[in-house]
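In: could you work out the structure for the sequence below:
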Amino acid sequence: MSVTLEITKSNVAVLVLSRPEKHNAFNEEVISELIRLIEHANSCDVRALVLKTEGKHFSAGADLNWMKSMAGNDFAENLADSMQLAKLMKVLATSPHPTICAVQGAAFGGALGLIACCDIAICQDDAQFCLSEVKLGLIPAVISPYVIKAIGERAARRYFLTAEIFDAHTAKQLGLIHQITGDLQTALDKHLQNLVNNGPIAVKAAKQLINDVAGNVIDDALIELTAERIARIRVSEEGQEGLTAFFEKRAPNWQK
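Out: Presented below is the predicted three-dimensional model:
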């Protein structure tokens, strides 16, 4: 199978897409398998979920043969296909675990959706990106909520419409990528180490906090929600252990 999921000894779920001969482009089967494995990882008690691919390029987006076959389908069939891709983006974006995407080479089209859905995105220093859909007379519709959230409406107005290729430094300036590196695995390992050093329940609670707070009006309800969250986690077992360990100048039990 071109998609695999491994749970490492460090309790990290590593999802790998391996279709290097197709530049890791995804078709109906790949999308279905990605959904299945991400949903499985989401149900597991892991510290993080990593998304990476094998080969020279991260992903060319949609497989050309798949796109050709869809062109002959009617609206209902195309809608069903599109809903599957939308489901893939949603299960990745709503994962309860911290998610990290490691990008090498080219990332085109729908691949940018996968990157934007992850909490942390790192790339090789020679990586290239392109929202290429309009070159084919299409639009980046399904991935648009996630990409626009990552890079902003103003940047989307340029890159959605021009389909121009941009480099790693531009991707970082736009907010699509967090870190550029010459050694992808070392950078990935450092991020994972940072994550596993932190309270596992707190990390997931912090991610949920972002989802619940971002974009909302700062009103009495939001203020009460945030106060309740910190009060609840302070009296939790993990919160008590973390504070006690800090004052006793020792490592908390989740680091042992």
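
In: how does the protein divide into domains?
Out: Domain assignment for the chain by the TED database gives 1-192, 198-253.

In: mean neighbour count and mean pLDDT for those - can I get that in TSV?
Out: Heads up, the C-betas are built off the backbone N, CA and C, glycines and all. Conversion of the domains of the chain to TSV gives the following (neighbours: other C-beta atoms under 10 Å; pLDDT from 0 to 100):
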stretch	mean neighbour count	mean pLDDT
domain 1-192	18	96
domain 198-253	13	96
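
In: what's the spacing between Phe246 and Cys130?
Out: Relative to Cys130, Phe246 is positioned 46 Å away (C-beta to C-beta, to the nearest Å).

In: what does Lys172 give?
Out: Lys172 is 16 Å from Cys130, by C-beta to C-beta.

In: how about the nearest residue to Gln255 once chain neighbours are set aside, phi and psi?
Out: Counting by C-beta to C-beta, 6 or more residues apart in numbering, Asn197 is the residue found nearest to Gln255 once chain neighbours are left out, at 6.1 Å. Here is the backbone geometry of Asn197 (degrees, to the nearest 10): phi -70, psi -20.

In: do you know the pLDDT at Asn197?
Out: On the pLDDT scale, Asn197 is placed at 96.

In: where does Gly16 fall, phi/psi-wise?
Out: For residue 16 the amino acid is Val, not Gly. Dihedral angles (degrees, to the nearest 10) for Val16: phi -120, psi 130.

In: ok, now which ones touch it?
Out: Shown in contact with Val16 (C-beta atoms under 8 Å, 6 or more residues apart in numbering): Val3, Thr4, Leu5, Glu6, Lys52, Thr53, Glu54.

In: wouldn't the fifth one be in contact with Val12 here?
Out: It refers to Lys52. No. Between Lys52 and Val12 there is no contact under C-beta atoms under 8 Å: 11.5 Å.

In: picking up where we left off before, ok, the residue nearest to Gln255 - how many residues close by?
Out: Neighbours of Asn197 under the rule other C-beta atoms under 10 Å: 13.

In: now do it against His191, distance only.
Out: 11 Å.

In: got any residues that touch both of the two?
Out: By C-beta under 8 Å, 6+ apart, no residue touches both Asn197 and His191.

In: hmm, back to that, want to throw the contacts of Val16 into TSV with secondary structure?
Out: Formatted as TSV, those follow (DSSP: H, G, I helix; E, B strand; the rest coil):
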residue	secondary structure
Val3	strand
Thr4	strand
Leu5	strand
Glu6	strand
Lys52	strand
Thr53	strand
Glu54	coil
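
In: which one of these is nearest Glu28?
Out: Of all the contacts of Val16, Val3 has the smallest distance to Glu28: 12.6 Å, by C-beta to C-beta.

In: so that closest one sits right up against Val14, yeah?
Out: No. Assessed by C-beta under 8 Å, Val3 is found out of contact with Val14, at 11.4 Å.

In: roughly how far out does stretch 243-255 sit from the chain middle?
Out: Distance of stretch 243-255 from its chain centroid, counting by C-alpha atoms, centre = their mean, to the nearest Å, is 31 Å.

In: what do you get for stretch 153-172?
Out: 18 Å.

In: for the remainder of this discussion, apply numbering that starts at 94.
Out: With the count now opening at 94, the last piece we talked about shows up as stretch 246-265.

In: so what touches it?
Out: With C-beta under 8 Å, 6+ apart as the contact definition, stretch 246-265 has outside contacts at 216-228, 232-233, 237, 240-241, 244, 267, 270-273.

In: 7 Å - rerun?
Out: With contact meaning C-beta atoms under 7 Å, 6 or more residues apart in numbering, stretch 246-265 is reached by 216, 218, 220-225, 227-228, 233, 240-241, 267, 270, 273.
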